[in-house]
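[1] Show me how the following folds:
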Amino acid sequence: MKRLQKLINVSNYLETFSIPGFQDIKPIRVVDGDNASGYLSKAAGRQLLVALPEGRSYGQDTDTFRESVGLAFFALAKINGPSRTQEIADRTYRELLAVSQAVLDRISGDLIGAPGSGTCPLLAGLNITEVSMVPIFSAFGGWSGWSIELTLE
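    Below is the predicted model:
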């Protein structure tokens, strides 16, 4: 296997990524915070950013070589400003947590071939080894929600 094959496969997978049940959310692939802010400056409603994946490899030879791919998603909405209340913030974070769960469900389903998903050949041989969910406030020019970080190996 090529050293970057897993990174290439996951990158190709993300080009057509969507979340069942959330057809109103079209994922936006971004490179960094400036790129994300540029896209979001013209956006409204709930948004899902998908950072281009990061690849890592370990080991010197075929016996010890391991490759992992890091993914980051951001489920976001614009809730900051004078009309923000605790109820609006709580409801929005709760709704975006459901979007985040749907992202994880989609990837997990594509990894194991869950009913309605089917195993994705681009993800063959990979497993989720780490998940981190972090609430964020006022990122990318005033957007709040959840950061979802995954490691696939």
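[2] in the longest helix seen in the chain, what counts as buried?
    Across the chain, the longest stretch assigned as helix under DSSP state H is helix 86-112. Going by neighbour count (16 or more other Cβ atoms under 10 Å), the buried part of helix 86-112 is 92-93, 96-97, 99-100, 102-104, 106-107, 109-111. Backbone N, C-alpha and C define where each C-beta goes, glycine included.
[3] thought residue 50 was touching residue 30?
    Yes: counting by Cβ atoms under 8 Å, residue 50 sits close enough to residue 30 to count as a contact (7.1 Å).
[4] For residue 9, give its distance to residue 55.
    10 Å (Cβ to Cβ, to the nearest Å).
[5] which one of the two has more residues nearby?
    residue 9 (20 against 16; other Cβ atoms under 10 Å).
[6] Please report phi then psi for that one.
    phi -60, psi -40 (degrees, to the nearest 10).
[7] pretty sure it is in contact with residue 125, am I right?
    No: taking contacts as Cβ under 8 Å, residue 9 lies outside contact range of residue 125: 9.1 Å.
[8] and the spatially closest residue to residue 9 that is not a sequence neighbour, what is it in contact with?
    Residue nearest to residue 9 in three dimensions, not counting chain neighbours: residue 122, with 4.3 Å by Cβ to Cβ, 6 or more residues apart in numbering. Residue 122 makes contact with 9-10, 12-13 under the criterion Cβ atoms under 8 Å, 6 or more residues apart in numbering.
[9] Quick check: the farthest pair among the residues you listed?
    Taking Cβ to Cβ as the measure, the contacts of residue 122 span a maximum distance of 7.3 Å, between 10 and 12.
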